[in-house]
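[1] Here is my input, please return the structure:
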Amino acid sequence: MAAPDYRTDLEDISLAEDETDWDESGDGAWNEGGGAEPEPDYYIQGTYCISETLKDGVGSLIYDYGTGITFSTGDVFVAWHYDQAPNVLGLRSEGGMRMIIGSSLDDFYAWKVLGRDYYEYGGWVCIPIDPERTADYTVGTPTATRQFFGNAFNHNNGSVQKGNPHGIDALRYGRMESIFAGGDLANGYCTFAGFAEENDNQQNRWGQIQEIPGGYQWQGLMSFGTAASACDFRDENVSIVALSPHRVYETFNKIEINNSSTRVDWDTITFSALGSAAPGYFQVNDPSADVNITDCTFVDMATFQFSAGSDIIGTTFRRCESVTQSGAAFDGCTFDSMTASAHLYAEDLADIDNCDFIQPDVNGGHAIHIATSGTYAFLGNTFTGYGASATTSAAIYNNSGAHITINVSQGDTPTIRNSPGSTTTVQNTVQITFTDVVSGSEIRILEAGTNNELDGIEDVPASGEWTYSYNYVAGTYIDYVVHHVEYVYIRVENFLLPATNQDIRIDQQFDRWYSNPP
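    Numbering: from 1, shown residues only. Below you'll find the predicted structure:
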């Protein structure tokens, strides 16, 4: 490939480097400030921001772009905001901090985004809004033209006596997409730190993947590779929190993996969503992309869509909505307190091994939903808190409309719910391995107390081992016989078949009467 390439799709509206084309609304309810001034003392991007005096009431700062901007589907308006006196802001419900889009200084829509209840510590904050959302305020008679952009603060909880407390900087629009491309062994792989370094550059300050103490905060769309450019991304031991902006659409925070040549390796990465407005979605768009997720944790996120090129190992999904397999392999994963009616949508149970499904609410839905008929090995999976068979919270829901056979081994026997036309056979396959057996010995498995043979071998191989496999049914007893002409005959009666795999060491005693008969 090539060296890592980190970029954004955001387009500049104004970087607020001077007061040209900035003004305050003429509407009497929105012009209690002192008007736009270039601010060299505090700013977040470049070397200036725009500020104004604002003692009390509502003050606005609005930029005239000069022409209307066409927003594509999914685009947002995003800007940095700052109030030096956050304690005097109104509550968010009172429109303490607002964002503005309009067709003139006196004809615009505005949205409530923050207040002193969500902005206790102040500081610069980067906030996006979806212009398609219903506005909280309509001033004048705005048209569909989007040409004027800005913000307003409502100081209704006190008064500021000095300075220019109201600030705005770096106004932009777009999908707010963080694009990762390139990366290789020679030039270095793409990483979260690499993107954050570009994001946090004084001349950029995109507000997308930002370094914070202990990790990174993220908002918008992460694209690992594009249709035209592959990405090789490898990172480990990183913590990321997904911001949840108040006035965006639900799928605004999303992770996409694109391009058949893209590789993404995450090891011990933690993603946590901070709210439900945009909890964070994950989707592998190209089934050939090489995705390796190991010992990661996802908390309070939405849905995950994997693909045939995905290997998910030792990873925890906690209080997320659901996961769709789509050919991925899961080994040693935990699905804890998932919130959708089905926690894992699967089409191949054989690729789900050693996973723990935990549901504290017995009415919390199914662990696995499967709609593909077949016979599947099912290894080492456990189920905690799920309901009885035929209930809406049974562990597995067969919605195939046909027959499914599940061969369970080294795990819990799942409860089953069948949709109309569906049937399921669960066979709990367990193995007993007889070890240290003299080569050439004969082993027979008998129904307890009878000579009815269930299984056996006439000639144990040189390895000294033989395995008996059975469908576990609780409370089942057998007898087993081990015989070799030169060794003492062994018969063990009323042996309780175990629920999990077990080794039985056979200690055969040489028969001295065989070589020295009386």
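[2] Thr467 touches Thr433, doesn't it?
    Yes - here Thr467 reaches Thr433: they are 4.6 Å apart, a contact under Cβ atoms under 8 Å. C-beta here means a position set from N, CA and C on the backbone, and glycine is covered the same way.
[3] How far away from the center of its chain is stretch 57-73?
    Distance of stretch 57-73 from the chain centroid (Cα atoms, centre = their mean, to the nearest Å) equals 34 Å.
[4] Output the longest strand along the chain as PDB - backbone C-alpha positions only.
    For the chain, the strand with the greatest residue count under DSSP state E is strand 423-435. Provided in PDB are the C-alpha atoms of strand 423-435 (Å, rounded to 0.1, in the frame of the first residue of the first chain):
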ATOM      1  CA  THR A 423     -38.200 -28.300  14.000                       C
ATOM      2  CA  THR A 424     -35.100 -28.800  16.000                       C
ATOM      3  CA  THR A 425     -33.100 -31.800  17.300                       C
ATOM      4  CA  VAL A 426     -30.600 -31.100  20.000                       C
ATOM      5  CA  GLN A 427     -28.000 -33.800  20.500                       C
ATOM      6  CA  ASN A 428     -25.700 -33.100  23.400                       C
ATOM      7  CA  THR A 429     -22.600 -35.000  22.200                       C
ATOM      8  CA  VAL A 430     -20.200 -35.800  25.000                       C
ATOM      9  CA  GLN A 431     -17.000 -38.000  24.800                       C
ATOM     10  CA  ILE A 432     -15.400 -40.400  27.300                       C
ATOM     11  CA  THR A 433     -11.800 -41.200  26.300                       C
ATOM     12  CA  PHE A 434     -10.300 -44.400  27.800                       C
ATOM     13  CA  THR A 435      -6.600 -43.800  28.200                       C
END
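[5] Buried residues in that strand, which are they?
    For strand 423-435, burial by neighbour count (16 or more other Cβ atoms under 10 Å) applies to 424, 426-430, 432, 434.
[6] Serialize those to CSV and add fields for distance to Asp64.
    Listed next are these as CSV, based on distance: Cβ to Cβ, whole Å:
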residue, distance to Asp64
Thr424, 66
Val426, 69
Gln427, 73
Asn428, 72
Thr429, 73
Val430, 75
Ile432, 81
Phe434, 86
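[7] just those residues: which has the poorest pLDDT?
    When the buried residues of strand 423-435 are sorted by pLDDT, the bottom entry is Thr429 at 82.
[8] contacting residues for that residue?
    Residues near Thr429 by Cβ atoms under 8 Å, 6 or more residues apart in numbering: 407-409, 469-472.
[9] Could you single out the nearest of those to Ile127?
    Val408 (50.5 Å; Cβ to Cβ).
[10] Which residue, other than its chain neighbours, is closest to that closest one?
    Asn428 (4.4 Å; Cβ to Cβ, 6 or more residues apart in numbering).
[11] Could you check how far the one you found is from Gly385?
    Remark: distance between Asn428 and Gly385 (Cβ to Cβ, to the nearest Å) = 20 Å.
[12] Can you name the next helix or strand after the strand or helix carrying Ile406?
    Element membership of Ile406, judged by DSSP states H and E, is strand 403-409. The C-terminal neighbour of strand 403-409 among helices and strands, as given by DSSP H and E, is strand 416-418.
[13] Identify the residues contacting stretch 181-197?
    Contact partners of stretch 181-197, identified using Cβ under 8 Å, 6+ apart, comprise 1-7, 178, 180, 208-211, 216, 224-226, 229-235, 238, 240.
[14] Was I right to think Leu243 contacts Gln217?
    Yes - here Leu243 reaches Gln217: they are 5.7 Å apart, a contact under Cβ under 8 Å.
[15] Determine which member of those two has the greater number of neighbouring residues.
    Each of Leu243 and Gln217 has its neighbours counted (other Cβ atoms under 10 Å); Leu243 has more, 24 against 18.
[16] and the residue nearest to the more buried one when sequence neighbours are not counted, how many residues sit next to it?
    Leaving aside its sequence neighbours, Leu243 sits nearest to Gln219 (Cβ to Cβ, 6+ apart; 4.3 Å). Gln219 has 27 neighbours, counted by other Cβ under 10 Å.
[17] give me every residue that touches Gln219.
    126, 128, 176, 207-208, 242-243, 245, 252-253, 278.
[18] are any of those buried, and which?
    126, 128, 176, 207-208, 242-243, 245, 252-253, 278.
[19] Tell me which of the residues you listed fall in strands.
    Reading strands off these with DSSP E, I get 126, 128, 242.
[20] Who is the second one paired with across the strands?
    Each beta-bridge partner of Pro128 is listed here, defined by DSSP bridges: Val78.
[21] Contact partners for it?
    76-78, 176, 207, 219-220, 245, 247-248, 252 are the contacts of Pro128 under Cβ under 8 Å, 6+ apart.
[22] now do 10 Å
    The contact partners of Pro128, by Cβ atoms under 10 Å, 6 or more residues apart in numbering, come to 10, 75-79, 99, 113, 172-176, 207-208, 219-220, 243, 245-248, 252, 278.
[23] What of Phe304?
    With Cβ under 10 Å, 6+ apart, Phe304 has these contacts: 255, 280-284, 293, 298, 310, 312, 315, 317, 320-326, 328, 344-345.
[24] For the helix or strand containing it, what is the distance to the chain centroid?
    Per DSSP H and E: Phe304 is located in strand 303-305. Relative to its chain's centre, strand 303-305 lies at 7 Å (Cα atoms, centre = their mean).
[25] Just checking: what are the partner strands of it?
    Short version: by DSSP bridges, strand 303-305 pairs with strand 281-284 (parallel), strand 322-324 (parallel).
[26] Next secondary structure after that strand?
    Following strand 303-305 in sequence, per DSSP H and E, is strand 310-313.
[27] Residues contacting that following strand, please?
    257, 264-267, 284, 287, 289-296, 304, 306, 323, 325-333, 351-355.
[28] Apply 8 Å and report the result again.
    284, 289, 291-295, 306, 326-333.
[29] buried subset of the residues you listed?
    Going by neighbour count (16+ other Cβ under 10 Å), these have 284, 289, 291, 293-295, 306, 326, 328-333 buried.
[30] Any idea how far apart the tips of stretch 134-151 sit?
    17 Å (Cα to Cα, to the nearest Å).
[31] tally of neighbours for Ser439?
    Neighbours around Ser439, by other Cβ under 10 Å: 11.
[32] what's near enough to touch it?
    460-462, 464 are the contacts of Ser439 under Cβ under 8 Å, 6+ apart.
[33] go again using 10 Å as the cut-off
    Ser439 neighbours (Cβ under 10 Å, 6+ apart): 459-464, 484.
[34] before we move on, what about Ala85?
    54-55, 116, 122, 153, 155, 157-161, 163, 165-166.
[35] so what pLDDT did the nearest residue to Ser326 once chain neighbours are set aside get?
    Of all residues not flanking Ser326 in the chain, Ser307 sits nearest, at 5.1 Å (Cβ to Cβ, 6+ apart). Ser307 carries a pLDDT score of 97 in this model.
[36] ok, Ser307 - contacts?
    Contacts of Ser307 by Cβ under 10 Å, 6+ apart are 257, 283-289, 291, 324-328.
[37] Closest one of those residues to Phe148?
    Gln283 (35.3 Å).
[38] Distance across stretch 207-215, terminal residue to terminal residue?
    15 Å.
[39] same thing with stretch 460-467?
    Note: stretch 460-467 ends 10 Å apart using Cα to Cα.
[40] The residue nearest to Val408 contacts Asn501, correct?
    No - using Cβ atoms under 10 Å, Asn428 is not in contact with Asn501, being 11.4 Å away.
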